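A.B. asks: Sequence plus predicted model, see below.
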Amino acid sequence: MAPFEFATATRIIFGPGCVSELIPAVRSFGRRALLVTGSSPRRGRSVHEALASAEVTVSPFSVAHEPSIDDIAAGVKLARSASVECVIGVGGGSVLDAAKAISALLTNPGEITDYLEVIGKAHPLTQAAVPCIAVPTTAGTGAEVTRNAVLASSAHRVKVSLRSPLMLPRLALVDPELTRDLPPGLTATTGLDALTQLIEPYVSGRANPMTDGLCVEGLKRVARSLRRAVENGGDAAAREDMSLASLFGGLALANAGLGAVHGFAGPIGGAFPAPHGAVCAALLAPVTAANLRALRERAPDSESLPRYAELARLLTGHAAAEADDAVKWIAALVAGLRIPRLSAYGVTATDVSGLIDAARRASSMKANPVTLSPEECGEILFSAL
């Protein structure tokens, strides 16, 4: 067995109603907090009011879209001016990524570009972050337990990562009840992101026994509950399954890596106004099919091939399922949930060459179970258009 490492948030609390733990947790860190929320003012207002009633001085900061480098710089400036002692993120993956990035950059000197991958100097963060509390309100990204933040650079038309173990939140509060009012479309795309983030670490070249257990359990829950959550947002059991699957996906990807789906998703999301979960959904079946073909041709003894067969059994519930059945199951799910193809977001055949070049440089590609050729990458993108 190869040696492996496993790191995650200092503390994780999961369960219906556990958001009630937020106030005592914040007070344990101090009395001045930056509250990072998304575009919905209602949820942020209720948290703000609860904190104020507990005599916590709150500086609100809204991230209405996927966070950019400029957003983070503005958040850091606000937090420093308020001398905050804690950063709280309440929202989807974009909000949680923003909260993690702000908390880390508050204590590390210099410019944000000093620490960014691809477009920056990629210097390591060296100072512990200001305590960060992550409260997800969607079930997909698992960002409450990951060690990176995905940030957009409009100047470069790309998404890049700020990455460090020092960015892991001090506390992740995962309350499935906070996801009950998600509309069906958002439930579908975030849920498919969760599915992707369980499949890719499971077949990854860096998979390990701890992440395997998380992925297997999470895949079972997505298979039985994603459609139910989309069709009936009030299904408490389905919402709980999806929140737990999202958490497990975050734990797995942070410790076993991702793969080609996310290798493509970064460049596409940076260049086009496409939701991350929808991009992953459009790519998942083509990438799975391409990986299977490449493994059979060039690495028939790879440990990932039997993992794809087990994946098919987990998703379909059939003991006799074979690896190709996973591709069919994923494609049917994506079609049934009416996820648009990439062309719906403006991606065209003329964009394929540039996207291939960017994807092959992406860090997520390093954990893909097989190295894909430019031709194979092109086939994936054309299949998803």
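C.D. replies: Ah, there it is.
A.B. asks: Which parts of the stretch 201-350 of the chain are helices?
C.D. replies: Counting by DSSP state H, counting those that start in this stretch, the stretch 201-350 of the chain has helices at residues 209-231, 236-256, 260-271, 276-298, 304-316, 323-336.
A.B. asks: Contact partners for the residue nearest in space to the middle of the chain?
C.D. replies: Nearest to the mean C-alpha position of the chain, by C-alpha atoms, centre = their mean, lies residue 141 at 3.0 Å. Residues near residue 141 by C-beta atoms under 8 Å, 6 or more residues apart in numbering: 92, 93, 96, 190, 193, 194, 197, 246, 250, 276. For glycine as for every other residue, the C-beta is placed from the backbone atoms N, C-alpha and C.
A.B. asks: do residue 31 as well
C.D. replies: Residues near residue 31 by C-beta under 8 Å, 6+ apart: 55, 56, 57, 85.
A.B. asks: what pLDDT does it get?
C.D. replies: At residue 31, the model reports a pLDDT of 95.
A.B. asks: And the strands in the protein?
C.D. replies: For the chain, applying DSSP state E gives strands covering 11-14, 32-37, 57-62, 86-91, 132-136, 148-153, 158-163, 171-174.
A.B. asks: now the ones you listed as CSV including mean neighbour count?
C.D. replies: Output for the strands of the chain, formatted as CSV (neighbours: other C-beta atoms under 10 Å):
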stretch, mean neighbour count
strand 11-14, 16
strand 32-37, 25
strand 57-62, 18
strand 86-91, 28
strand 132-136, 29
strand 148-153, 23
strand 158-163, 22
strand 171-174, 25
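A.B. asks: For residue 319, find the nearest of the ones you listed.
C.D. replies: Residue 319 lies closest to strand 11-14 among those, at 30.3 Å (C-beta to C-beta).
A.B. asks: Isn't residue 114 up against residue 124?
C.D. replies: No - contact criterion C-beta atoms under 8 Å: residue 114 and residue 124 do not qualify, at 10.0 Å.
A.B. asks: more crowded one of the two?
C.D. replies: Neighbours per residue (other C-beta atoms under 10 Å) separate residue 114 from residue 124, with residue 114 holding more: 15 against 11.
A.B. asks: and that one, what is it in contact with?
C.D. replies: Taking C-beta under 8 Å, 6+ apart as the definition, contacts of residue 114 comprise 120, 121, 123.
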